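Enquirer: Generate coordinates for the sequence data below:
(2 chains)
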Number of protein chains: 2
Amino acid sequence: MKGRSPFSLLQKSVPAAAALLLFFLLLTVSPPSNSSYHSLFLSLSSNDTAAQHLQALTRRPHVAGTDANSVVAAYILSILSAASIPARIVPYHVLLSYPLHRSLSLLPNVSAPVVSFDLSQEIYPGDPFAEVAAEVLPTFHAYARSGTATGRVVYTNYGRVEDFAKLRAMGVEVAGNVVLARSGLVYRGDIVRNAQIAGAVAAILYVDAKDNGGRTGKWFPEARWLPPSGVEVGSVYRGAGDPTTPGWASVSECERVSVDEVVASGVMPAIPSLPVSPRDGEAILGTIGGQVAPEDWQGGTGAPVYHLGPGPGLLNLTYLGNETVMMIQNLIAVIEGKEEPDRYVLVGNHYDAWTFGAVDPNSGTAAFLEVAQRFAKMQKEGWKPRRTIILCSWDAEEHHLIGSTEWVEDNREMLASRAVAYLNMDYAVSGRGFHASSTPQLDELLKEAAKMVQDPDNSSQTLYESWASTDSPLIRRLGGGGSDYAAFVQHVGVPSVDMRFARDYPVYHSMYDDFLWMQKFGDPLFHRHVAAANILGLVALKLADEEFLPFDYISYANELQKSTKVLENELLGKPVSFAPLQESIEKFRRAASKVDSQRKELESKDLLSKWKKDPLKVRELNDRLMMTERAFTNREGLFGRPWFKHLVYGPSNHNVYLSRAFPSIDDAIEGVEVSKGLGSWKLVQREAWRVARVITQASRVLNGELT
Amino acid sequence: MKGRSPFSLLQKSVPAAAALLLFFLLLTVSPPSNSSYHSLFLSLSSNDTAAQHLQALTRRPHVAGTDANSVVAAYILSILSAASIPARIVPYHVLLSYPLHRSLSLLPNVSAPVVSFDLSQEIYPGDPFAEVAAEVLPTFHAYARSGTATGRVVYTNYGRVEDFAKLRAMGVEVAGNVVLARSGLVYRGDIVRNAQIAGAVAAILYVDAKDNGGRTGKWFPEARWLPPSGVEVGSVYRGAGDPTTPGWASVSECERVSVDEVVASGVMPAIPSLPVSPRDGEAILGTIGGQVAPEDWQGGTGAPVYHLGPGPGLLNLTYLGNETVMMIQNLIAVIEGKEEPDRYVLVGNHYDAWTFGAVDPNSGTAAFLEVAQRFAKMQKEGWKPRRTIILCSWDAEEHHLIGSTEWVEDNREMLASRAVAYLNMDYAVSGRGFHASSTPQLDELLKEAAKMVQDPDNSSQTLYESWASTDSPLIRRLGGGGSDYAAFVQHVGVPSVDMRFARDYPVYHSMYDDFLWMQKFGDPLFHRHVAAANILGLVALKLADEEFLPFDYISYANELQKSTKVLENELLGKPVSFAPLQESIEKFRRAASKVDSQRKELESKDLLSKWKKDPLKVRELNDRLMMTERAFTNREGLFGRPWFKHLVYGPSNHNVYLSRAFPSIDDAIEGVEVSKGLGSWKLVQREAWRVARVITQASRVLNGELT
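Expert: Numbers count the residues shown, from 1 in each chain, chains lettered A, B, ... in the order given. Next up, the predicted model:
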């Protein structure tokens, strides 16, 4: 649609016939509707371009801060430029972390010889990337503490809080020893944190065969599994964004806190740690005696019996890291909205990778670039979005969401008043099966879009049909800190979505995450990439083009209700009342119904509605829909984690990857459980009040009414 | 103006002649311009109505929470109803404070008999309010600690931090003794706080003859001065809003913290205190021996010599207060905006009073009601404001800004996204001479409006002329906590104004603040009331009706610059750099210039501009102007005073009444001065960075540009 406004005036002042004539005159000059452009968008798909992009992006390992990553940035810039959607580079100067020196040796027992691990991922015969394999960083944990530690080994299962609790209960000494934990269930930074709290002197993480296809003896390149020498690299930093600029942007010449202060605050480890391969992990495990580990701590069919230790195996570990301020580059491309340039639909993907990044993240980058190219073609056909679309290519996600976080912090006030939604695609594809997480007002939109996209693995059905038949819950929530949506949702309160095909994959963060793996196992036909681009682009288009924001707050009310029920059941018989929370949710539900009917009323004004609607009336309603999510944030944030402002969805305090509903209540409940004192149920009650109040604020915003 | 929009489309599609015809057709149906209504507003003035209102409002003392105050509320409701601007009652359940029992006795020295003070304000012969004088509350300090204390008296001048420092330097023991302080220079709650910190067991405050017209022997009803038995009642609470609901609204059934917790947090006193009359104060002062007080601590011409003590005079004080949750009633009346109903111009005045409240606050209430009545008349003539005007009649201001604070907290998210400005009028008149405080983007608007209003004390000149010739600085800043603007400015960041005639007056908060005092001394002709209504209403009208918000951010940049200069001079040679602050201000200045020229460009689009301007373009620019002030707030707020979110203007930590620029830097500097350690200059630097960052955020918002 093109014009917007007071046709009503004309109707009053000129005869009806003239008005009608005018209407048709206007119609003839009006371009095709934006929904026809959306069909065009879907018809422009091509799996060739996605494959080409992915190949170009993953020629070399490209960790944030390296020249190789600048080459990737240049590629993205060139594609966007060629599509006439030029991006600007938004640099930040952030603390990154690289390995300088690592050594790990094992004394299996007093009489055996010392085993030294070479800690390298092996190049297999015929590896097409053998030539650049030397550019893969030595395996390490970003932001691990530099130092040397020696101690007997304790096996700690997945290194979760409950695993350490079990060890305590079983009388297994962790303090002074080295922790060996399998990775995969919680964020590795939380494993190291738990080890540190338990008094361990160091932590070693490995991928257990149980979580890597079992003991089939097959692995990449023959099978999709991680080879015996493969290592999951990653960050162990538990904060958000540049550790030295908590809450503000790392522009050049800005204030910085010292690394010591960061460590003291508990978000950066105070003990050294290293990731090791399945082979090295098993070798270490084999030297652990003591009690037999519980049944569910064992390694599955064919595995030896795991023991808890400590020792007799003795580990000696040295890690020396280089934490240094480096320039990173976010790439920001803007397609300006025609009617509402000051309303932003943001689409983001990061481009930095721990190694080649064929899955993580450049499958997402390929889809992202394809979306951009199709948007460019639509622009040539005359399409202009109603709202501004901002394409964000983030740097340094792998170090822990740094590029996106700094940018959000830099633009916080602007985003708080203008951002309609943020759509994230970290990696797009690591296999079959669509998955999505979102803030709940976007659930219906996601489903609707998925009904318009073909299932890449079965052309006779829609993406929605395959998705709905395999994923439960269909849509997850976005409180975790697993990717670049975190700052948008949890720091500012922007409605957000995260999407991908397949939830995890065995070569994650190893040097085997390369183009060949994608070709052989992830997406041989690249049709999943295309489907990822289809759904990502289509959701963006609907958000950018629909006159009324396609937000459904009834879904949100239902989700709030569900989460409250879960809490109530958990705390049955405890001196905590959830009545305030329930009341606030009821208010919210009524507001959601009201705004729904107001929208319908505005939509159905009359036949000439497109021309009659007052653009400021539409804006008023849309602003309510947009700002409601913001109201779920609280300025004080989570206790002890003040950067996290969202009181409805946030990460578990013990697993950054895990989304929790009402995280502050969660934290308070844990406080009671740890102290075992009745007194702090009062704090749980206080958090329940606090959550009830943000929901009440949100319902006021949705209502558009002052008290 | 009426229509708004795509005349451009018409121009393209119909011949020019038809377009012109249409334009004139539209003109004929368009109503008078809003600026002609503004002239009408000024012409509607009447000093009779203001006097009638004031008389009706001040028949009886009406402290918040009393029946008499409900009667006042009913009067306001009836006037607004009669004017067809019905108000709704918005109740809150808040902790109020009333006196139950007081006693004060003095043992002048070991050999003299005990003097018991009767602590009552005397009814003079012919007092027209004698009949209801019994309804005046016993003199007290609201929220004073209940208890009994005995101690030798120490004279502490005005009870400021520097006064206590001087006593320390002179070796005068305060700990264990009773403080006697003159009131008038800093907030009484801060005097009691200082006494408590110095270890005093109680505090007595009195009005010194020096600040009450000297020793002329004349007082009310003969002269304007406070009679010898007059007492300045008031609150000694240092927080904001209901003490038991810090940061959230006191709706019924809400969470509350205990009074003990409030006292522990330092905002409610832990020692008893009482206000006494000039006569009682002098009597106590006369029993203090020891060193002679410094020259500037003396009582002025004709006064006896003041000594510091402690003792020999010994005071015994008992205070028993009743802190109890009571219902208060804010009255909210809405005149809905026609074009932009979701943009709010708020006009507020409180109606509760410590006694009769003829000056404080009901002179303001009279002006407020007159404004409302004139708006009603304009509505009858066809006027509809472009934006929504909200008339707020606050309760419980005197207990410490409680009604307004609870309402702002209740509607925080809504106000944060919709409030254009808040205009406050506490008392309107206590004598001659106009005074105004504001956030700086409103300075120019205030001056412009004052040029359109006649000076009530000299009909040959404008209000601006008399104001400019007497007040310096012309406009003060709004960081203090003296009236109901506090929550708007300091908690949410809403551009605000506070206005009144005459800055202070001798019968302040005493039972002599009655209609007779106003008739004889404050405003015998009630023409100052009319001028107050004129300027208040006119500023509101301009904010509500002008297409572009009349905000000037160049003024703001200048003020920021000035305040930075002051700081730099203060910290010359100290290891603190203000370069980041200066840079951020330069950015802000550039943004201010840019938005100015953008506005001019939009305004001068072409001759048909009124019809051509895209309403969403205008809105985009206005939103930037509106949201810029919000960006000066920081979610973490001031250190130790987290409710205060504004980092540019806030109250001094030692005088709630005093507005400070960059209050967090102020606090940090004090930290260094107290600790005398070089180390904490680092904290000063950190606060300078924090302020620089909010200014940078504000300039982004003003610019309307993302990085």
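Enquirer: Pull the residues that contact stretch A:224-234.
Expert: When contacts are defined by CB atoms under 8 Å, 6 or more residues apart in numbering or on different chains, stretch A:224-234 is touched by residues A:119-122, A:124, A:137, A:139-142, A:183, A:188, A:205, A:207, A:212-213, A:216, A:218-220, A:275-279, A:354-355, A:398, A:505-512, A:517, A:520-521. (Glycine included, C-beta is placed from N, CA and C.)
Enquirer: repeat that with 6 Å
Expert: A:121-122, A:139, A:183, A:188, A:207, A:212-213, A:219-220, A:275, A:277-279, A:354, A:506-510, A:512, A:521 (CB atoms under 6 Å, 6 or more residues apart in numbering or on different chains).
Enquirer: Restricting to the residues you listed, which residues neighbour chain B?
Expert: Among the contacts of stretch A:224-234, no residue sits close to chain B (CB under 6 Å from any CB of the partner chain).
Enquirer: residue ranges for the strands of the stretch 501-650 of chain A, please.
Expert: Remark: strands assigned in the stretch 501-650 of chain A by DSSP state E, counting those that start in this stretch are A:649-652.
Enquirer: ditto for the stretch 251-400 of chain A
Expert: Using DSSP E, counting those that start in this stretch, strands in the stretch 251-400 of chain A cover A:273-276, A:314-335, A:340-350, A:387-394.
Enquirer: Isn't A:Ser45 up against A:Ala531?
Expert: No: assessed by CB atoms under 6 Å, A:Ser45 is found out of contact with A:Ala531, at 8.4 Å.
Enquirer: where's the closest residue to A:Gly247 other than its chain neighbours relative to B:Ala209, distance?
Expert: Among residues not flanking A:Gly247 along the chain, A:Trp643 sits closest, at 5.8 Å (CB to CB, 6 or more residues apart in numbering or on different chains). Going from A:Trp643 to B:Ala209 by CB to CB, to the nearest Å gives 56 Å.
Enquirer: For A:Ser45 and A:Ala531, indicate the residue with more neighbours.
Expert: Ranked by neighbour count (other CB atoms under 10 Å in any protein chain shown), A:Ser45 and A:Ala531 place A:Ala531 first, with 26 against 19.
Enquirer: what's that one in contact with, if anything?
Expert: Contacts of A:Ala531 (CB under 6 Å, 6+ apart): A:Val453, A:Pro456.
Enquirer: what's the burial count for the residue in the stretch 151-300 of chain A positioned nearest to chain B?
Expert: Closest to chain B within the stretch 151-300 of chain A is A:Glu255: 3.9 Å, counting by CB to the nearest CB. Other residues near A:Glu255 come to 17 when the count uses other CB under 10 Å.
Enquirer: Output the strands of the stretch 251-400 of chain A in a markdown table, with mean neighbour count appended to each entry.
Expert: Shown next, in a markdown table, are those (neighbours: other CB atoms under 10 Å in any protein chain shown):
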| stretch | mean neighbour count |
| --- | --- |
| strand A:273-276 | 26 |
| strand A:314-335 | 20 |
| strand A:340-350 | 26 |
| strand A:387-394 | 26 |
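Enquirer: possible to save those as JSON lines with distance to A:Pro99 and mean pLDDT?
Expert: As requested, these are exported to JSON lines (distance: least, CB to CB, whole Å; pLDDT from 0 to 100):
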{"stretch": "strand A:273-276", "distance to A:Pro99": "9", "mean pLDDT": "98"}
{"stretch": "strand A:314-335", "distance to A:Pro99": "6", "mean pLDDT": "97"}
{"stretch": "strand A:340-350", "distance to A:Pro99": "21", "mean pLDDT": "98"}
{"stretch": "strand A:387-394", "distance to A:Pro99": "23", "mean pLDDT": "98"}
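Enquirer: mind checking which of those strands is nearest A:Pro580?
Expert: Nearest of these to A:Pro580, taken as CB to CB: strand A:340-350 at 33.6 Å.
Enquirer: and that closest one, which strands flank it?
Expert: In the sheet, strand A:340-350 lines up against strand A:387-394 (parallel), strand A:419-424 (parallel) (DSSP bridges).
Enquirer: Settle it for me: which of A:Trp643 and B:Ala209 has more neighbours?
Expert: B:Ala209 (23 against 19).
Enquirer: which residue is nearest the centroid of chain A?
Expert: Central residue of chain A (CA atoms, centre = their mean): A:Ser483, 2.4 Å from the mean position.
Enquirer: pretty sure that residue is touching A:Asp426, no?
Expert: Yes: counting by CB under 6 Å, A:Ser483 touches A:Asp426, with 4.1 Å between them.
Enquirer: for chain A, which helix is longest?
Expert: helix A:579-603 (DSSP state H).
Enquirer: what's it in contact with?
Expert: A:548, A:553-554, A:557, A:560-561, A:564, A:688-689, A:692, A:695-696, A:699, A:702-703.
Enquirer: Check the residues you listed against B:Gln55 and report the nearest one.
Expert: A:Asn703 (40.0 Å).
Enquirer: and the closest residue to the closest one other than its chain neighbours, how far is that from B:Glu601?
Expert: Excluding its sequence neighbours, the residue lying closest to A:Asn703 (CB to CB, 6+ apart) is A:Ala591, at 4.3 Å. Going from A:Ala591 to B:Glu601 by CB to CB gives 39 Å.
Enquirer: For these two, indicate the residue with more neighbours.
Expert: Using other CB under 10 Å, the more surrounded residue of A:Ala591 and B:Glu601 is A:Ala591, with 23 against 10.
Enquirer: Quick one: residues contacting the residue of the stretch 151-300 of chain A closest to chain B.
Expert: The contact partners of A:Glu255, by CB under 6 Å, 6+ apart, come to B:Trp689.
Enquirer: how about a cut-off of 8 Å?
Expert: A:Thr245, A:Trp248, B:Pro580, B:Gln685, B:Arg686, B:Trp689.
Enquirer: Could you name the helices and strands sitting against the helix or strand hosting the fifth one?
Expert: Using DSSP states H and E, B:Arg686 sits in helix B:681-703. Under the contact definition 3 or more CB pairs under 8 Å, 6 or more residues apart in numbering or on different chains; DSSP states H and E, helix B:681-703 sits against helix A:412-418, helix B:579-603, helix B:615-631, helix B:663-675.
Enquirer: again, only this time at 10 Å
Expert: Contact analysis of helix B:681-703 by 3 or more CB pairs under 10 Å, 6 or more residues apart in numbering or on different chains; DSSP states H and E lists helix A:402-410, helix A:412-418, helix B:553-570, helix B:579-603, helix B:615-631, helix B:663-675 as its packing neighbours.
Enquirer: How about the residues of the stretch 151-300 of chain A by chain B?
Expert: Counting by CB under 10 Å from any CB of the partner chain, the stretch 151-300 of chain A comes close to chain B at A:Gly247, A:Trp248, A:Ala249, A:Val251, A:Glu253, A:Cys254, A:Glu255, A:Arg256, A:Val257.
Enquirer: actually the stretch 401-550 of chain A, sorry about that
Expert: Residues of the stretch 401-550 of chain A that fall close to chain B, judged by CB under 10 Å from any CB: A:406-407, A:409-419, A:491.
Enquirer: if we go to 8 Å?
Expert: Residues of the stretch 401-550 of chain A found near chain B (CB under 8 Å from any CB of the partner chain) are A:Trp407, A:Asp410, A:Asn411, A:Arg412, A:Glu413, A:Met414, A:Leu415, A:Ser417.
Enquirer: A:Ile390 touches A:Leu346, doesn't it?
Expert: Yes: between A:Ile390 and A:Leu346 there is a contact under CB atoms under 8 Å: 4.7 Å.
Enquirer: Run a quick neighbour tally on A:Met222.
Expert: Actually, residue A:222 is Glu. It isn't Met. A:Glu222 is surrounded by 12 other residues when neighbours are defined as other CB under 10 Å.
Enquirer: gap between it and A:Phe521?
Expert: Taking CB to CB, one finds A:Glu222 at 10 Å from A:Phe521.
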